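A.B. asks: can you look at this prediction? I've put the sequence above it.
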Amino acid sequence: MKLKRAISLQELNSKVYKDLVLDEPWSHSLGEPELAGVWFVYGDSGNGKTSFCLQLGKYLTKHGKVAYDSLEQGDSKSFKMAINRENMMEVKNRFMILNREPFDELFKRLRRHKSADIIFIDTIQYLSDGEGKMFNYSDYRSMKNEFKNKLFVIVSQTEGNVPRGSTARSIRFDADVKIIVKGFKAEFNSRFGGNQDYIINHEKYTEFYCTV
């Protein structure tokens, strides 16, 4: 098999990326990322993970269409309450909710013309093909290779301080931005700089750290 030609430093430096030019405080946390790749969010239930994802998704509607695959909560009352708490109606024309959409249907949707630019998968442990096959790391690699020009924000449950399951742990390792949510605070590990903490809810953050 013929080897691919190596990329020169000049070619790499001349490559143009679709950068995300972020405002504060997001620029302080995320640095200067591109509008593509994978970000990984994980944390225990009840620590502000959904609120954080909705706040992030709401902000990212400034940069593209957002699809939010609500796999764990679906169209439940709790998710509706979270949507209203974050005033998501303000971006209703740029933010689409998918109700437990399997990954084969999600991929069909993303192949359409003018499909979403940014996709939240919440949570990865609930993602299947709709017929019992759970999403695995091979499926993840296929998704990432096919949709190179899209940004995926993948949300995960945890066991202790690590993502639950081998697929989630492998995705975390591969992700460009890693975000752990604890006590209504998001801590960032971004390859693009930034890396300052983000407070999701100041009142609940204060309550959490005053009582633990």
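C.D. replies: Thanks, I have it.
A.B. asks: which strand or helix spans the residue minimising distance to the centre of the chain?
C.D. replies: Residue closest to the average C-alpha location in the chain (Cα atoms, centre = their mean): residue 153, at 1.4 Å. Residue 153 belongs to strand 151-156 when assigned by DSSP states H and E.
A.B. asks: I'd like the average pLDDT over that strand.
C.D. replies: The average pLDDT within strand 151-156 is 98.
A.B. asks: direction included, what does the helix or strand following it pair against?
C.D. replies: Moving toward the C-terminus from strand 151-156, the next helix or strand (DSSP H and E) is strand 158-159. Counting by DSSP bridges, the strands paired with strand 158-159 are strand 162-163 (antiparallel).
A.B. asks: list the contacts for residue 154?
C.D. replies: Residues in contact with residue 154 (Cβ atoms under 8 Å, 6 or more residues apart in numbering) are 38-41, 120-121, 124, 171, 175. Quick note: C-beta positions are derived from backbone N, CA and C, even for glycine.
A.B. asks: quick one: it from residue 177, how far?
C.D. replies: Separation of residue 154 from residue 177 (Cβ to Cβ, to the nearest Å): 10 Å.
A.B. asks: any shared contact partners between these two?
C.D. replies: 38-40.
A.B. asks: surely residue 128 touches residue 134?
C.D. replies: Yes - at 5.0 Å, residue 128 and residue 134 qualify as touching, with contact defined as Cβ atoms under 8 Å.
A.B. asks: partners of residue 118 in the sheet?
C.D. replies: residue 66, residue 151.
A.B. asks: hmm, back to that, and which of the contacts of residue 154 is nearest residue 210?
C.D. replies: Nearest to residue 210 out of the contacts of residue 154 is residue 41 (Cβ to Cβ; 24.7 Å).
A.B. asks: neighbouring contacts of the strand or helix carrying that closest one?
C.D. replies: Following DSSP H and E, one finds residue 41 within strand 37-43. With Cβ under 8 Å, 6+ apart as the test, strand 37-43 has contacts from 33, 49, 52-53, 144, 151-158, 163, 168, 171-172, 174-182, 186.
A.B. asks: which residues in this structure form strands?
C.D. replies: Along the chain, the segments classed as strands by DSSP state E run 37-43, 66-70, 95-99, 118-122, 151-156, 158-159, 162-163, 177-182, 185-190, 198-199.
A.B. asks: relative to residue 107, which of these is closest?
C.D. replies: Relative to residue 107, the nearest member of those by Cβ to Cβ is strand 118-122, separated by 10.2 Å.
A.B. asks: separation between residue 12 and residue 26?
C.D. replies: The gap separating residue 12 from residue 26 is 27 Å, by Cβ to Cβ.
A.B. asks: what mean pLDDT does stretch 18-37 get?
C.D. replies: Stretch 18-37 carries an average pLDDT of 95.
A.B. asks: kindly check the end-to-end length of that stretch for me.
C.D. replies: In stretch 18-37, first residue to last residue: 11 Å (Cα to Cα, to the nearest Å).
A.B. asks: I appreciate the help and will end here.
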